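> Got a sequence here, can you build the structure:
(one chain, ligands or ions: 1)
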Amino acid sequence: MGTPSNRPRFALILPAAGSGQRLGESIPKPYLSVAGRTILEHTLQPFVDTGALVHVVIPTEKNYIQTAKQCVASSFPALSFDVIQGGKERQYSIEKGLDAMKNAGIDAQWVAVHDAVRPFITVDEIQRCLDAAVQFGAAIVAVPAKDTIKMVDIDADHQTVAHRIEDTPPRAQCWQAQTPQIFDSSLLKQAYENARELSIVGTDDASLVEALDRDVYVVEGRRENFKITYPIDLTLTRWLLEGEEK
Ligand code: C5P
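Sure thing, here's the model as predicted:
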């Protein structure tokens, strides 16, 4: 990583349009307030702190577009940003984010995608991921799997009490993908075009680049960069962020 002036600059898509069903809260996760700020603002802060962020697009649920605009404008008055309506799946939210960037005339060479509900990402992780993306074209933050991973037969009748194991990949080779995931922007656009043409729906951006037969690299992150998904994750988030305040 170079000095701040010659450091590669990047644009960010921060998907925030999830329903939050698994969390069981009435307000969508990115807009829950913890330690005096929304989770969205906590998540965005380290990206702004890199000093290399040129623009951010936030796909979100229609009823929260104004809320998102107010949060970002009040916390980051100097930041160039756009809030748009997200899609039905995460992948469609990001696809819309890429379109919005094109329409706004943003042509950053590097595009990062980061879940709005991973507030514990650090400047160091973002920078190491960006360095790897600059070197290899595509890089993601990930952690080695702690548990042994089982591939199971999900076509089995879901009424049964158990699923048959089909395979056990060697644990040393299994990593859990997190975000950010950072790509050369033309490669990411190509991956999304290909996914649309072939009707591929992936659960992360790297898998769409992999579908082009292009290499993606992992850089080791931290388990603290979890995605707020279940009530226990929110309890832990409050404990970590509100504890920091005391
Ligand atoms: O649903 P999942 O936990 O994978 O969501 C990861 C991120 O993607 C969250 O920040 C969520 O708000 C966002 N998302 C989105 N559009 C969707 C579904 C999820 O922007 N349709």
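> Flag every residue of the chain that's near the ligand.
Residues of the chain lying near the ligand by Cβ under 6 Å from any ligand atom: 15-18, 30, 59, 86-90, 93, 115-117, 227, 229. The C-beta positions use only the backbone N, C-alpha and C, and glycine is treated the same way.
> And those, which of them are buried?
Neighbour counting by 16 or more other Cβ atoms under 10 Å classes 15-18, 30, 59, 86-87, 90, 93, 115-117, 227 among those as buried.
> Most widely separated two among the residues you listed?
By the measure Cβ to Cβ, these have their two most distant members at Gly87 and Lys227, which lie 18.3 Å apart.
> quick revisit: could you dump the buried ones among the residues of the chain next to the ligand into CSV and include pLDDT and secondary structure?
Conversion of those to CSV gives the following (pLDDT from 0 to 100; DSSP: H, G, I helix; E, B strand; the rest coil):
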residue, pLDDT, secondary structure
Pro15, 98, coil
Ala16, 98, strand
Ala17, 96, coil
Gly18, 88, coil
Pro30, 96, helix
Pro59, 98, strand
Gly86, 98, coil
Gly87, 97, coil
Arg90, 96, helix
Ser93, 98, helix
Asp115, 98, coil
Ala116, 98, coil
Val117, 98, coil
Lys227, 97, coil
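> Just the closest of those to Gly51, please.
Using Cβ to Cβ, Ala116 is the member of those that sits closest to Gly51, with 20.8 Å.
> I figured that closest one was touching Pro30, is that so?
Yes - at 4.2 Å, Ala116 and Pro30 qualify as touching, with contact defined as Cβ atoms under 8 Å.
> Residues that sit against both of the two, list them.
Between them, Ala116 and Pro30 share these contacting residues under Cβ atoms under 8 Å, 6 or more residues apart in numbering: 16, 39-40, 43, 60.
> which residues in the chain form helices?
With DSSP state H, the ranges of helices along the chain come out as 39-49, 65-75, 90-103, 123-136, 185-198, 205-210, 231-245.
> Out of the helices and strands in the chain, which is least certain?
Each helix and strand of the chain was given a mean pLDDT (mean pLDDT, DSSP states H and E); the minimum falls on helix 231-245 at a mean of 91.
> and that helix, which residues are buried?
233-234, 237, 241.
> Closest to Ser199 out of those residues?
Nearest to Ser199 among the buried residues of helix 231-245 is Asp233, at 31.4 Å by Cβ to Cβ.
> Contact partners for the closest one?
Taking Cβ under 8 Å, 6+ apart as the contact definition, Asp233 lies against 23, 226-227.
> Any chance of the residues you listed in a markdown table with distance to Ile140 as columns?
Converted to a markdown table, these look like this (distance: Cβ to Cβ, whole Å):
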| residue | distance to Ile140 |
| --- | --- |
| Leu23 | 24 |
| Phe226 | 15 |
| Lys227 | 13 |
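> List the buried residues in stretch 69-76.
In stretch 69-76, residues buried by neighbour count (16+ other Cβ under 10 Å) are 71-72, 75-76.
> need those residues in TSV with pLDDT, can you?
Compiled in TSV, those are given as follows (pLDDT from 0 to 100):
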residue	pLDDT
Cys71	97
Val72	98
Ser75	98
Phe76	98
